[in-house]
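Asker: need a structure here:
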Amino acid sequence: MNKSKFGMLSMSIVLTLSLLFVGCSSNSESTSGGSAADSGSAAGAQKLSVNMGSEPSTIDPGLAEDIPSMVVPRAAFDGLLRLGPDGKLHEAAAEKYEVSDDKLTYTFHLRDSKWSNGDPVTAQDFEYAWKRVLDPKTASSYAYQLYYLKNGEAATKGSVSLDEVGVKATDDKTLVVTLEHPTPFFPELVASVTYFPVNKKVAESNGKWADDPSTYIGNGPFKLDKWEHKSKITLVKNDQYWDKDNVKLSEMTLYMIDDANTELNMFDSGDLDWAGSPLGNLPLDAMPSLKESGGLQSQATAGTYWYLFNTQQAPFNNKKIRQAFSYAINRQEIVDNILQSKGEVALGILPPSMSYKPDGYFKDGDIETAKKLLAEGMQEQKLDKLPEITILYNTDETHQRIAQAIQDQWRKAFGVEVKLKNEENKVAREDMKQGNFQIGRASWIADFNDPINFLDVFRDKGGNNKTGWFSPEYKDLLTKATEEKDSGKRAELLKQADAMIMDEMPAIPIYYYTYAWVKKDSVKDVVIDPLGFVDFKYASNEAK
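Answerer: Model prediction:
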């Protein structure tokens, strides 16, 4: 979740830049595989309290699809590789790996490690977990993240069996992965939540293993201790973790507070050690004073805040009407008056670090063009008057203020009545999944540093694409880009896909994320990677 100002960066450059953005002291220690001087002396009873904003819809790594649902798996599990505070990928559950000359076969050799219940972590656990995500019965929204595996997509579509997917445990410690096509960012993928292992024995014996702390078995630095729904989650250090000597925190509490003022008040009173991004939020009205005090920290992030249209319902089944509503938004006004230090105007869905068109695909707040497009679209739809429009958003001060601003802008531009509807995050996500919305707030934070990660959202209907929009031509461009070995030709195909999605406009880009937070001086080595994900493995808090 980022940065030559414009254009794509290679991942190696981006990861190097992550050193600038780690919310920690300047003398951060090396990552897994290296030594952690002083880790023993600091490993006593250090505790950390942060706010995760809302109740996660799930903490199952195979089903997680948003920040609240991914934070616990990132703490409780280890992938084959893990990003460290030095900005580089390091071996984690894997001790080493080799890549074939044709870049199609990865062979991972697992280190000796255990699950939190003492079971050995095996290559079969990884094979099981990956095939579980691809299994159509699982209905994982992130299944497409494993389509890079040989027959991954075909298995999810039901045209081949899961046995034919390109992942195989040849013995307890060896995992052989075969890809459909060379995928230069595959190491980044295996470090992501969707590629985390699952304890096969536990999961097969209990389909609801991820709902209960007593059966939530992970292989990472922390283990789930308590889950007080709609209140807080408590994690404790996992004494079975292979790299436990590098884990300094003995306990971490994740509160579920959806009010930014309450979050900041808890920070000021000492109940929270960290407030704001990437998990919580800061009150918009407090941003100027926090900035002036010098305590505010920020980091640009490869993420886009957008509104999704339900393209299966009138009037947004018409492309020109979708374009009109997008063009009429004055994003600069929203950034200046609402977001302040928390965003940058978005005139495309790809963030600046990946953009093919840095100047954007349209002019911000172009009311004249918007009115013209609306008139043409309404004529095509044989509409004399726009129906009432509703914006659905999950409960949050920032979402509310942005929705109110856009409500006012559309009312002034088109004379249309716009209603606002806010729901708890889990409820809003389900309504959008079921198509029970007209315009819905959403966002996308990059899982890896490549434009296809954003463009893939709209490849097929369903899953993360809740708009109902689908184009065979668009999917064909992405398929060809995936198969293309020449980087220049691949970039051209993705550029065409980007232009198509911005012309069809199933989503309205509004702003690019900038994370902003405050923390206690005692909190060090919390890793916020270039994509905006947070890792508490190396964190310390000597004040607690």
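
Asker: contacting residues for the residue positioned nearest the centre of the chain?
Answerer: When CA atoms, centre = their mean is applied to the chain, the residue found nearest the centroid is Ile445 (4.1 Å). By CB atoms under 8 Å, 6 or more residues apart in numbering, the contact set of Ile445 is 1, 67, 301-303, 513, 531-533. Any C-beta I mention is one placed from the backbone N, CA and C, and that applies to glycine too.

Asker: equivalent analysis for Lys485, please.
Answerer: Lys485 sits next to 181-182 when contact means CB under 8 Å, 6+ apart.

Asker: now Ala123
Answerer: Counting by CB under 8 Å, 6+ apart, Ala123 touches 108, 110, 169-175.

Asker: among the contacts of Ile445, which pair sits farthest apart?
Answerer: Farthest pair in those (CB to CB) is Ile67 and Ala302. Separation: 13.4 Å.

Asker: compare those two (neighbour count), which wins?
Answerer: In this view Ile67 and Ala302 are compared by other CB atoms under 10 Å, and Ala302 has more residues nearby, 28 against 22.

Asker: the more buried one is in contact with Asn449, isn't it?
Answerer: Yes - Ala302 is within contact range of Asn449, at 6.7 Å (criterion: CB atoms under 8 Å).

Asker: the nearest residue to Ala275 once chain neighbours are set aside sits in which helix or strand?
Answerer: Nearest residue to Ala275, sequence neighbours excluded (CB to CB, 6 or more residues apart in numbering): Phe267, at 3.8 Å. With secondary structure defined by DSSP states H and E, Phe267 is part of helix 260-268.

Asker: re earlier: buried members of the contacts of Ala123 into ChimeraX, please.
Answerer: The ChimeraX command for the buried members of the contacts of Ala123 (criterion: 16 or more other CB atoms under 10 Å) is given here:
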select :108,110,169,173,175
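
Asker: picking up where we left off before, mind listing the residues bridging to the residue nearest to the centre of the chain?
Answerer: Gly303 (DSSP bridges).

Asker: tell me the confidence at it?
Answerer: At Ile445, the predicted lDDT confidence score is 87.

Asker: how near is it to Val202?
Answerer: Noted for Ile445: a distance of 29 Å to Val202, by CB to CB, to the nearest Å.

Asker: kindly report the same for Lys232.
Answerer: When Lys232 is compared with Val202 (using CB to CB), they lie 24 Å apart.

Asker: in the helix holding Phe267, which residues are buried?
Answerer: For helix 260-268, by 16+ other CB under 10 Å, it's 260, 262-264, 266-267.

Asker: same deal with stretch 463-483?
Answerer: Neighbour count says stretch 463-483 has 463-469, 474, 477-478, 481-482 buried, by 16+ other CB under 10 Å.

Asker: which of those residues sits closest to Lys47?
Answerer: Asn464 (34.9 Å).

Asker: isn't the closest one right up against Ser140?
Answerer: No - in terms of CB under 8 Å, Asn464 does not count as a neighbour of Ser140; the distance is 10.3 Å.

Asker: which other helices and strands does the helix holding Phe267 contact?
Answerer: strand 274-276, helix 397-414 (3 or more CB pairs under 8 Å, 6 or more residues apart in numbering; DSSP states H and E).

Asker: angle of it against helix 397-414?
Answerer: Taking axes from the mean of the first three to the mean of the last three CA atoms, to 10 degrees, one finds helix 260-268 and helix 397-414 inclined to each other by 150 degrees.

Asker: can you list contacts of helix 260-268?
Answerer: In this structure, residues lying in contact with helix 260-268 by CB under 8 Å, 6+ apart are 51, 255, 257, 272-276, 280-284, 286, 396-398, 518.
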